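Chemist: Would you be able to build a 3D model of this:
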Amino acid sequence: MTETTRRTADVLITGVAVLSAFGRGMGALAAGLDAGAPAFAPVGRFDVTGRRVGVAATLPGSPDLAAELAALVDEACDEAKLSTAERAAAPLFLAVHGDPRLARSAPADRPRHGGAAFASALAAGAGLGAPRAYTSACVAASTAIADAAGIIARGEAARVVVAGGYLVEADQFALFDAGRAFAADGAVRPFSSHRRGLLLGDGAGAVVLESAAAARDRAVVPLATLAGWGRAGDAHHPCQPHPQGRGMARAIAMALRRGGIGPDEVGYVNAHGSGTAQSDAAEAEALRAALGGHAAAVPVSSTKALHGQALEASGVLELAVTLHALRGGRLPVNAGYLAPDEQCPLNLVLDAARPAAPAYALSLNAAFGGANTALLLGAEA
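Modeler: Residues are numbered from 1 along each chain as shown. Okay, the predicted model is just below:
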């Protein structure tokens, strides 16, 4: 440990549950990642006639977000072996775009359908403590996870349940399509030349974070350590990241400092990798700034090329992806790759999942407004 590093109190992951376009459960997600075949297909959930792009990564039918989140929270709490009393003492941090029923509710009913009300209803139904809602786009869930880790490390809570969800729906789809953010060729190609943009995907998940002392007292075997976390802003542009990735570089540096490790100890990076020109190039710059020479050696992939952009749920979905990489010994492929881009000289995981046993892995997320997060997972708990 160098003079510039400091290890915070251990925060452990003791339960996780996930949903993606590959199906429900960590098994379905792992199988989809290992197969490396993107889940994008024509949208059948709503009418896309007249849209520039008509594909997304979705589950069959029209699943209900509230019901899916309730089931995921229960599953994660059950895996963590939380009692009724332990649930009641655990706050719920929920990352959502808002209550999906808000836009179509009567004006008089709208106060009952905001993000905070949605979080309160979910917490009450799950028997959890005081809720907090996060609506900060693609860093909503990762910000909630970082905040939860912070209050646990400071001894302000023994555990926190974090959940997040986004199911592809007509309103957000139309906005992204109108803004020409979607990849017109129907494929997400992170860090590749000829990348054309992003595509949306269903995603939801829940994770139980708790202190090492609390887990030890309950004799619960943790899944991994949340060794570090960092948050930083670019303050550069409403939509575009800083070209040098300054905010992301600071977030990564904070996560490593909290984890008490050096850059060369990072064994895998699950990148934000949206597949857009400016974002991917800025993220590559951030990795070079934060990791130095190790940025050219550490394996990197963005699994948005497989499961799509899950907006507010991205942080919890991609935490589950990174957890699979640590525990499964296989780094997921960076799908959709066509050819090198000189602005993104990274050691990308190409062609197929790569066998590996990293001790530490980073999960990165970024959002409009220049928000950036970095979560550092440790395999040893």
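
Chemist: What lies in contact with stretch 36-43?
Modeler: 20-22, 32, 48, 54-58, 168, 173, 186-188, 199, 201, 305-308, 332-333, 335-336, 352-353 (C-beta atoms under 8 Å, 6 or more residues apart in numbering). C-beta coordinates here come from the backbone N, C-alpha and C atoms, glycine included.

Chemist: Span of it from start to end?
Modeler: Across stretch 36-43, the terminal residues are separated by 21 Å (C-alpha to C-alpha, to the nearest Å).

Chemist: What residues of it count as buried?
Modeler: Buried positions in stretch 36-43, judged by neighbour count with 16 or more other C-beta atoms under 10 Å: 36, 38-40, 43.

Chemist: Now do the contacts for Arg330.
Modeler: Counting by C-beta under 8 Å, 6+ apart, Arg330 touches 33-34, 324, 353-356.

Chemist: ok, 10 Å please
Modeler: Contacts of Arg330 were listed using C-beta atoms under 10 Å, 6 or more residues apart in numbering, and they are 30, 33-34, 324, 349, 352-357.

Chemist: Just the ones in strands from those residues, please.
Modeler: Among those, the ones falling in strands (DSSP state E) are 354-355.

Chemist: I only care about the contacts of Arg330 that end up buried; give me the PyMOL line for that.
Modeler: Buried members of the contacts of Arg330, defined by 16+ other C-beta under 10 Å, are picked up in PyMOL with:
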select buried, resi 30+33+324+349+353+354+356
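
Chemist: from the contacts of Arg330, which is closest to Glu285?
Modeler: Within the contacts of Arg330, the smallest distance to Glu285 is 19.7 Å, found for Val349 (C-beta to C-beta).

Chemist: Pro243 falls within a helix, correct?
Modeler: No: assessed with DSSP: H, G, I helix; E, B strand; the rest coil, Pro243 is coil; it does not lie in a helix.

Chemist: Skipping adjacent residues, who's closest to it in space?
Modeler: Spatial nearest neighbour of Pro243, chain neighbours left out: Ala282 (5.8 Å); criterion: C-beta to C-beta, 6 or more residues apart in numbering.

Chemist: so how far is Gly370 from that neighbour?
Modeler: Taking C-beta to C-beta, to the nearest Å as the measure, Ala282 and Gly370 are separated by 10 Å.

Chemist: Next: Ala297.
Modeler: Using C-beta to C-beta, Ala297 is found at 28 Å from Gly370.

Chemist: Neighbour count for the two, which is higher?
Modeler: Neighbours per residue, other C-beta atoms under 10 Å: of Ala297 and Gly370, the larger number sits with Gly370, 20 against 12.

Chemist: Work out for me the element the residue sitting nearest the centre point of the chain sits within.
Modeler: Most central in the chain under C-alpha atoms, centre = their mean is Gly315, positioned 1.8 Å from the mean C-alpha point. According to DSSP states H and E, Gly315 maps onto helix 314-328.

Chemist: how about that helix: buried residues?
Modeler: Residues 314-326, 328 are the ones in helix 314-328 that count as buried (16+ other C-beta under 10 Å).

Chemist: Next, format those as CSV and append distance to Leu375.
Modeler: Listed next are the buried residues of helix 314-328 as CSV, based on distance: C-beta to C-beta, whole Å:
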residue, distance to Leu375
Ser314, 11
Gly315, 7
Val316, 10
Leu317, 12
Glu318, 9
Leu319, 6
Ala320, 12
Val321, 11
Thr322, 8
Leu323, 10
His324, 14
Ala325, 13
Leu326, 12
Gly328, 18
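
Chemist: How far away from the center of its chain is the lowest-mean-pLDDT helix or strand in the chain?
Modeler: The helix or strand of the chain with the lowest confidence, counting by mean pLDDT, DSSP states H and E, is helix 115-126 at a mean of 93. In this view, helix 115-126 has its centroid 21 Å away from the chain centroid, taken as C-alpha atoms, centre = their mean, to the nearest Å.

Chemist: likewise stretch 22-39?
Modeler: Relative to its chain's centre, stretch 22-39 lies at 15 Å (C-alpha atoms, centre = their mean).

Chemist: Over to stretch 217-226?
Modeler: Counting by C-alpha atoms, centre = their mean, stretch 217-226 is centred 21 Å from the centre of its parent chain.

Chemist: Hmm, Leu200 and Glu312 touching each other?
Modeler: No: judged on C-beta atoms under 10 Å, Glu312 makes no contact with Leu200 at a distance of 11.7 Å.
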